[in-house]
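Student: sequence plus the predicted model coming up.
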Amino acid sequence: MSGQLAGQVAIITGGSRGIGRAIALLFAREGADIGFCHLHDAEGAAEVAAQVEALGRRAFHAALDVANLAALRAFLDGAQAALGPCDILVNNAGMNLRGPIETVTEEMFDRMMAVHVRAAFFAAKAVWPGMVERRRGRIITTASQLAFKGGAGIVPYCMAKAALVGMTRALAREGAPKGILVNAIAPGPVMSDLTAQNGPDWAERTGANLPIGRVGQPEEIAAAALLLASSPGGDFFVGATLSPNGGDVMH
């Protein structure tokens with residue numbers, strides 16, 4: 001590894017498994033200290049922290065629901081107290097609730113927006129003053145190709161991911177003059193704990209419909225995050241949404 005993130009502090013929401021785990025470990029291999037949160041995954045969190053420390057980097061982790069803004073702010077404060085000011089924020093925590101529009105309740109809709117949109121916005125707001133003061137920072141948000149493609153039976157999820165793309169573009173305009181680069185990643189179908197819920201044949205069935213002929217791996221999404229986080233690789237990306245999706249959506 002080339003130490004592209006040497007001496008930096010990266011904070012990742014939803015960092016104990018899937019894409020978040022892959023980002024945490026790649027960033028640690030590139031020299032960053034890692035703070036991350038998780039929900040109901042103490043074993044996975046302990047494994048990630050141990051791997052980060054085995055790479056010679058520091059790790060801080062906490063269990064919380066990112067929809068609880070007080071807990072989210074406490075986690076961000078705790079990570080920065082333990083590791084130092086946040087250089088890179090990765091808004092990655094997510095969830096999905098499936099069903100046709102007739103079955104979507106107000107509680108389901110509000111939950112989706114709280115976990116994806118509200119948490120990402122207020123996490124960015126929490127680290128923003130420090131980044132402004134240092135005139136340097138990177139904010140990376142995990143959206144989805146479904147923000148552009150849409151999908152039946154997952155309307156609130158698609159709406160939430162589209163909102164994150166819009167947030168990225170607007171916040172990037174505020175941040176770039178202050179040295180803060182804000183970008184997003186819109187992964188296509190990727191093997192993860194979330195997609196594993198779709199059944200044992202999901203990967204084969206879905207991959208067959210992609211131009212590349214397979215679904216993605218979390219490490220391939222982490223590589224896009226590293227590009228956006230690194231310098232000079234990510235220095236000219238402002239309000240962009242990278243699309244590692246195997247050709248599912250071309251734009």
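Tutor: Yes, it's here.
Student: tell me which residue lies farthest from the centre of the chain.
Tutor: E102 (29.6 Å; C-alpha atoms, centre = their mean).
Student: name the residues of stretch 80-89 that are buried.
Tutor: Buried positions in stretch 80-89, judged by neighbour count with 16 or more other C-beta atoms under 10 Å: Q80, L83, C86, D87, I88, L89. In this view, the C-beta of every residue, glycine as well, is placed from N, C-alpha and C.
Student: tell me who's in contact with the fourth one.
Tutor: Just to be clear, that refers to D87. Contact partners of D87, counting by C-beta atoms under 8 Å, 6 or more residues apart in numbering, are L5, Q8, V9, A10, A32, R136, G137, R138.
Student: quick check: bridge partners of the third one?
Tutor: So the one you mean is V9. D33 (DSSP bridges).
Student: report the separation between it and H251.
Tutor: 33 Å (C-beta to C-beta, to the nearest Å).
Student: of those two, who's got more company?
Tutor: V9 (23 against 9; other C-beta atoms under 10 Å).
Student: now do the strands in this protein.
Tutor: 9-12, 33-38, 59-63, 88-91, 137-142, 180-185, 241-242 (DSSP state E).
Student: packing partners for the third one?
Tutor: Packing contacts for strand 59-63, counted by 3 or more C-beta pairs under 8 Å, 6 or more residues apart in numbering; DSSP states H and E, involve strand 33-38, helix 42-54, helix 69-83.
Student: now do the second one against strand 59-63, angle only.
Tutor: The one in question is helix 42-54. 170 degrees (axes from the mean of the first three to the mean of the last three C-alpha atoms, to 10 degrees).
Student: ok, residues contacting helix 42-54?
Tutor: 15-17, 21, 24-25, 28, 33-34, 36, 38, 58-59, 61, 63.
Student: picking up where we left off before, let's have the helices and strands packed on strand 59-63 in TSV, adding distance to F236 and mean pLDDT.
Tutor: Below are the helices and strands packed on strand 59-63 laid out as TSV (distance: least, C-beta to C-beta, whole Å; pLDDT from 0 to 100):
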stretch	distance to F236	mean pLDDT
strand 33-38	26	98
helix 42-54	29	98
helix 69-83	27	98
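Student: and the nearest residue to I101 once chain neighbours are set aside, how many neighbours?
Tutor: Excluding the flanking residues, the one nearest I101 by C-beta to C-beta, 6 or more residues apart in numbering is V155, at 5.9 Å. Counted by other C-beta under 10 Å, the residues lying close to V155 total 17.
Student: model confidence for V155, exactly?
Tutor: For V155, the pLDDT comes out at 98.
Student: repeat that for M1.
Tutor: The model's pLDDT for M1 equals 65.
Student: just W202 next, same as before
Tutor: 86.
Student: repeat for the one 5 residues further on
Tutor: Here the pLDDT value assigned to G207 is 94.
Student: got the contact list for it?
Tutor: P189, G213, R214, V215, G246.
Student: now those as CSV including neighbour count and distance to R169?
Tutor: Output for the contacts of G207, formatted as CSV (neighbours: other C-beta atoms under 10 Å; distance: C-beta to C-beta, whole Å):
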residue, neighbour count, distance to R169
P189, 23, 24
G213, 10, 32
R214, 14, 30
V215, 25, 27
G246, 22, 24
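Student: I appreciate the help and will end here.
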